[in-house]
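Participant: fold the following and give me the result.
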Amino acid sequence: MAEIIKRSKPLAVNPLKASQPLGAALAFLGIRNSIPMLHGSQGCTAFGKVFFVRHFREPIPLQTTAMDQMSAIMSADENVIEGLRVLCEKNRPEMIGLPTTGLSETQGADMRRLVRTFRDRHPQFAATAVVPVNTPDYSGCLETGFALALEAVIDVMVPQSALAGRRKKQVNVLCASMLTPGDTEAIKEWIEGFGLRPVLLPDIGDSLDGHLVDAENTPLTLGGTPANEIAHMGESVATLVIGRSLRKAADLLKERSGVPDHRFDHLLGLEACDAFTLALSQISGRPVPARIDRQRAQLQDAMVDTHFMTGFLRVAPAADPDLLVALGQFFAGVGAEIVAAVATVRAAVLADMPAAAVSIGDLEDLERGALAQRAQLIVCNAHAAPAAQRLGIPLLRAGFPQYDRVGGYTRTWVGYRGARQALFDVANLFLENHHDIPVHRSVFWAGTARDQEVRPASGAGLVGR
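Facilitator: This is a model prediction of the structure:
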């Protein structure tokens, strides 16, 4: 069990984590025809929008209640109610996500009361689901905000039912924030290979995968999980939960619907993929398809091909807890050593990190730990690039945000193919940054005539002696 080292600094010197409102907004962006509206100042939303646009390289629909100095002191209730009315009237979304920010949380806004007031004043917009969620940005991280939003979506949009198993081929998939659009697409293909029909919540692989459409622009999300599919999640035959941060959301869905679930901390690496594949085989009653068997064999071959590079490799990862443990167990499974690990917040899953200790901290803690422990590889988001450059060691980019690599947001990590590619990337980084011991030339070695011609003048003088 890893020792959890608490944060000792009063501030973040080089921030690692993203805020809870961003995590909640990301979850809402995976639902079809939806839009998140952050209850806070314009700057809160603008800053988050810049992060998303740089990461996904796509237009991102985000709105704000635009609290100013007066509403922050007196009351911002009307900002919320009027904002909801304008969005419903102009854009007619299927769902509006309503996360709070540090400003509105400090003010003490009661979001559920404000939604009830909006319903009383504007009953004509009853068809639009409004999902309030408390996500103060002075606590938690992107992962916790994402999980809170998912729990709120289930609370608002999944009714109480006793119809579990009615749709015999349908399975629910609760996707954690560590999954990329490429990951969600791979998971859908994985499940469909067993003849099952997946309903992903949220499905950012359908909304944030970067696809062109005929419309010039749209104020709502393009793709994602349809609202009517969320309402019928209680009729599925099983639920697959990916990420321990979604434990409370999974508990709520199971309580509401009675649908049995299968829980996985992650889907990165051979052991995790085998467990997921076995669960799908049991749910569907089908044998493992030959295509998936071949992908497993390909991963095993890649493990053999790269073991000289990954064995005893000294790795320093930093990420949100779910992703950090996934990366740690993946590297430990191929013989690497986790010498310095940094998490954004404390979480129960960190106890399973294959390392002596995990620090709750920032990128300064990562840089110092990597230097002290002579790390050979850093695994973190794009913000760690300057630290890796200063240390002179390679960086494997993982997590949010990634703004200095095109396509980093859609990289596939999960599944046998994802793990195989990750191994190849790690091995190539090692080879590109491997420094051989320079050839030693004795000052007394005469060499050939050609060697003497190309030798520097100082060397020639020494030989002449």
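Participant: what are the ranges of the helices in the stretch 251-400 of the chain?
Facilitator: Counting by DSSP state H, counting those that start in this stretch, the stretch 251-400 of the chain has these helices, from start to end: 270-284, 290-310, 321-333, 363-372, 385-391.
Participant: now the last one: mean pLDDT?
Facilitator: In other words, helix 385-391. Averaging pLDDT along helix 385-391 yields 96.
Participant: report the buried residues of it.
Facilitator: Neighbour counts over helix 385-391 (16 or more other Cβ atoms under 10 Å) mark 385, 387, 388, 391 as buried. All C-beta spots, glycine's among them, are computed from the backbone N, C-alpha and C.
Participant: out of these, which is nearest to residue 307?
Facilitator: The closest of the buried residues of helix 385-391 to residue 307 turns out to be residue 388 (Cβ to Cβ; 23.8 Å).
Participant: in this structure that closest one contacts residue 397, no?
Facilitator: No: using Cβ atoms under 8 Å, residue 388 makes no contact with residue 397, being 9.8 Å away.
Participant: now the helices of the stretch 251-400 of the chain in JSON lines, with distance to residue 52?
Facilitator: Formatted as JSON lines, the helices of the stretch 251-400 of the chain follow (distance: least, Cβ to Cβ, whole Å):
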{"stretch": "helix 270-284", "distance to residue 52": "28"}
{"stretch": "helix 290-310", "distance to residue 52": "32"}
{"stretch": "helix 321-333", "distance to residue 52": "18"}
{"stretch": "helix 363-372", "distance to residue 52": "20"}
{"stretch": "helix 385-391", "distance to residue 52": "19"}
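Participant: which of those is buried the deepest?
Facilitator: Sort the helices of the stretch 251-400 of the chain by mean neighbour count, taking mean count of other Cβ atoms under 10 Å, and helix 321-333 sits at the top with a mean of 25.
Participant: next one: residue 383 from residue 401, what distance?
Facilitator: Taking Cβ to Cβ, to the nearest Å as the measure, residue 383 and residue 401 are separated by 7 Å.
Participant: same question, residue 192
Facilitator: Residue 192 is 30 Å from residue 401, by Cβ to Cβ.
Participant: and the contacts of the longest strand anywhere in the chain?
Facilitator: In the chain, with assignment by DSSP state E, the single longest strand is strand 167-175. With Cβ atoms under 8 Å, 6 or more residues apart in numbering as the test, strand 167-175 has contacts from 30, 150, 183-184, 187, 191, 195-204, 232-233, 235-243, 246, 249-250, 253, 259, 261, 283.
Participant: buried subset of those, written for ChimeraX?
Facilitator: Filtering the contacts of strand 167-175 down to the buried ones (16+ other Cβ under 10 Å) takes a single ChimeraX command:
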select :30,150,183,184,187,191,196,198,199,200,201,202,203,204,232,233,235,236,237,238,239,240,241,242,243,246,249,250,253,259,261,283
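Participant: filter the contacts of strand 167-175 down to just the ones in helices.
Facilitator: Among the contacts of strand 167-175, DSSP state H puts 150, 183, 184, 187, 191, 204, 249, 250, 253, 283 in helices.
Participant: quick one: classify residue 442 as helix, strand or coil.
Facilitator: With DSSP: H, G, I helix; E, B strand; the rest coil as the basis, residue 442 sits in coil.
Participant: with residue 324 as the reference, measure out to the residue nearest to the spatial centre of the chain.
Facilitator: Closest residue to the average C-alpha location of the chain: residue 178 at 2.3 Å, with Cα atoms, centre = their mean. As judged by Cβ to Cβ, residue 178 and residue 324 stand 9 Å apart.
Participant: what does residue 393 give?
Facilitator: The gap separating residue 393 from residue 324 is 18 Å, by Cβ to Cβ.
Participant: residue ranges in the stretch 301-450 of the chain under the pLDDT threshold?
Facilitator: When residues are selected by pLDDT under 70, those of the stretch 301-450 of the chain lie in 435-438, 446-450.
Participant: which among the helices of the stretch 251-400 of the chain is found nearest to residue 432?
Facilitator: helix 290-310 (10.8 Å).
Participant: now that closest one against helix 270-284, angle please.
Facilitator: Orientation check (axes from the mean of the first three to the mean of the last three Cα atoms, to 10 degrees): helix 290-310 against helix 270-284 gives 170 degrees.
Participant: mind checking which of the helices of the stretch 251-400 of the chain is nearest residue 104?
Facilitator: Nearest of the helices of the stretch 251-400 of the chain (Cβ to Cβ): helix 321-333, 25.9 Å.
Participant: so how far is that closest one from its chain's centroid?
Facilitator: 13 Å (Cα atoms, centre = their mean, to the nearest Å).
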